[in-house]
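Q: Give me a 3D structure for the following:
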Amino acid sequence: MKYEFVYDERLGIGLPVLHDAWEALTEAERAELLHEWERVRGRIPDRIMQLEKTIVEKQNRLNTEDDFPTSCRLNTEIAELASCITDLHLWFRADQDVSVKGHY
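A: Presented below is the predicted three-dimensional model:
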């Protein structure tokens, strides 16, 4: 197989991994890869909404948290979730062809 989609635990989606150069793929393989990427890409907005909901829940907990170490942990978790959202936005906005060729 010249490519595959590997599930990224952090982002919660499958990301394309090329095992050969983009140019080594046939037109049919490129089309298949891009079709699969569009399917994955279409789920990104829902994934972002899930992460945003989790951030709001953690922020609500943080607003009432009196324990400093717990507050620090919640802040760290919120920052990591926000970082995931940023990365998902980048993947969503990347041109299909360029994102597959340029990232790997």
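
Q: going forward, measure contacts and count neighbours with C-alpha atoms only.
A: Will do.

Q: Low-confidence ranges, this structure, go.
A: 95-104 (pLDDT under 70).

Q: all strands for it, in order.
A: For the chain, the strands defined by DSSP state E cover 3-8, 13-18.

Q: Counting neighbours, which bits of the last one end up buried?
A: In this case it means strand 13-18. Neighbour-count burial for strand 13-18 flags 13-18 (criterion: 16 or more other C-alpha atoms under 10 Å).

Q: can you check the first one too?
A: The neighbour-count check on strand 3-8 (16+ other C-alpha under 10 Å) flags Tyr3 as buried.

Q: That strand versus strand 13-18: what angle between them?
A: 150 degrees (axes from the mean of the first three to the mean of the last three C-alpha atoms, to 10 degrees).

Q: partners of strand 3-8, with directions?
A: strand 13-18 (antiparallel) (DSSP bridges).

Q: Can I get the partner strand as PDB, trimmed to CA atoms?
A: This file holds the C-alpha atoms of strand 13-18, laid out as PDB (Å, rounded to 0.1, in the frame of the first residue of the first chain):
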ATOM      1  CA  ILE A  13      -9.300  11.600  13.200                       C
ATOM      2  CA  GLY A  14      -7.400   9.600  10.700                       C
ATOM      3  CA  LEU A  15      -4.500  11.400   9.000                       C
ATOM      4  CA  PRO A  16      -3.100  10.500   5.600                       C
ATOM      5  CA  VAL A  17       0.400   8.900   5.600                       C
ATOM      6  CA  LEU A  18       2.100   8.500   2.300                       C
END
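
Q: any idea which helix is longest in the chain?
A: Looking across the chain with DSSP state H, the single longest helix is helix 68-93.

Q: Compute the inter-axis angle for that helix and strand 13-18.
A: 50 degrees.

Q: Sort out which residues of helix 68-93 are buried, please.
A: Buried residues in helix 68-93, counted by 16+ other C-alpha under 10 Å: 71, 74-75, 77-78, 81-82, 84-85, 88, 91-92.

Q: Show me which of the buried residues of strand 13-18 is closest to Pro45.
A: Pro45 lies nearest to Ile13 out of these, by C-alpha to C-alpha, at 11.2 Å.
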